[in-house]
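Colleague: here is my input, please return the structure:
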Amino acid sequence: MKAIETDRLLLRNFAAEDAAGLFEYLHEPRVSCFFSQRLEDMAAALKDVRKRSSSDDYVAVCLKDTGQLIGDLFAHAGDEPDTFSVGWNFNARFGGAGLATEAAQTLFQYLFAAKSTRRLFAYVEDDNVASQRLCEKLGMRHEGTFKEFVSFENDSDGRPVFVDTRQYAILLKEWVGYRK
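Modeller: Have a look, this model is predicted:
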């Protein structure tokens with residue numbers, strides 16, 4: 001992916017220098033859907049960054065002024081060639097400043113314009129209110145809730161703990177109307 005600048009951010013492919021920033025927010029993920037991405041140490045972070053850097057599916061979100069990694073976005077091709085599953089994970093230290101919104105809007109614009117995307121969708125756990133709000137800020141519709149849809153952890157007896165998951169989506173024609 002060609003790097004994209006916004007007023008405050010730089011969106012680009014991952015690079016080796018992002019390992020420390022990635023470790024900072026993935027050594028103890030705040031949201032259950034990222035538990036499987038937990039990084040135990042810097043060696044794991046370097047390995048993960050190498051994997052992410054080889055794909056345009058993952059986008060590093062950095063402060064434009066310093067180059068510091070503050071989070072990431074993803075866009076995975078869906079079952080249809082003009083559809084993408086999108087998501088985000090940001091370092092809590094940078095919350096509340098609208099940076100996630102700025103980054104996600106930029107990714108959406110890129111996907112709709114450069115990738116001829118028709119539909120974007122996101123899965124958000126029922127207890128992840130911050131991501132639900134971000135979906136709504138982005139003009140996404142809540143399409144439904146899947147009850148006991150997925151498990152990211154086990155209880156003390158080793159049984160899976162299933163969580164309800166909301167699906168949000170936005171079509172190109174809705175994005176065009178939202179952006180006016």
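
Colleague: please count neighbours and contacts with C-alpha atoms only from this point.
Modeller: Noted.

Colleague: what is Trp123 paired to in the beta sheet?
Modeller: You called it Trp, but residue 123 is Tyr. Gln167 (DSSP bridges).

Colleague: okay, it: pLDDT?
Modeller: pLDDT, Tyr123: 93.

Colleague: give me the element the most far-flung residue of the chain relative to its centre is part of.
Modeller: Here the chain reaches farthest from its C-alpha mean at Asp157, the gap being 31.1 Å by Cα atoms, centre = their mean. Counting by DSSP states H and E, no helix or strand carries Asp157.

Colleague: burial of His142, as a residue count?
Modeller: 18 (other Cα atoms under 10 Å).

Colleague: who does Gln88 form a beta bridge with?
Modeller: One thing to correct before we go on: residue 88 is Trp, not Gln. Here Trp88, judged by DSSP bridges, has bridge partners Leu73.

Colleague: one more: Gly144?
Modeller: Residues in beta-bridge contact with Gly144 (DSSP bridges): Gln167.

Colleague: give the buried residues for stretch 145-161.
Modeller: Thr145, Glu153 (16 or more other Cα atoms under 10 Å).

Colleague: circling back: separation between the residue farthest from the centre of the chain and Lys51?
Modeller: Note on Asp157: its distance to Lys51, by Cα to Cα, to the nearest Å, is 34 Å.

Colleague: surely Asp66 is in a strand?
Modeller: Heads up, residue 66 is Thr, not Asp. No: counting by DSSP: H, G, I helix; E, B strand; the rest coil, one finds Thr66 to be coil, located in no strand.

Colleague: now do it against Leu111, distance only.
Modeller: 26 Å.

Colleague: same check, this time on Phe149
Modeller: Taking Cα to Cα, one finds Phe149 at 27 Å from Leu111.

Colleague: what about Ala3, how many residues close to it?
Modeller: For Ala3, using other Cα under 10 Å, the count is 10.

Colleague: OK, contacts around the closest residue to it other than its chain neighbours?
Modeller: Spatial nearest neighbour of Ala3, chain neighbours left out: Arg12 (4.4 Å); criterion: Cα to Cα, 6 or more residues apart in numbering. Counting by Cα atoms under 8 Å, 6 or more residues apart in numbering, Arg12 touches Met1, Lys2, Ala3, Ile4, Val59, Ala60, Val61.
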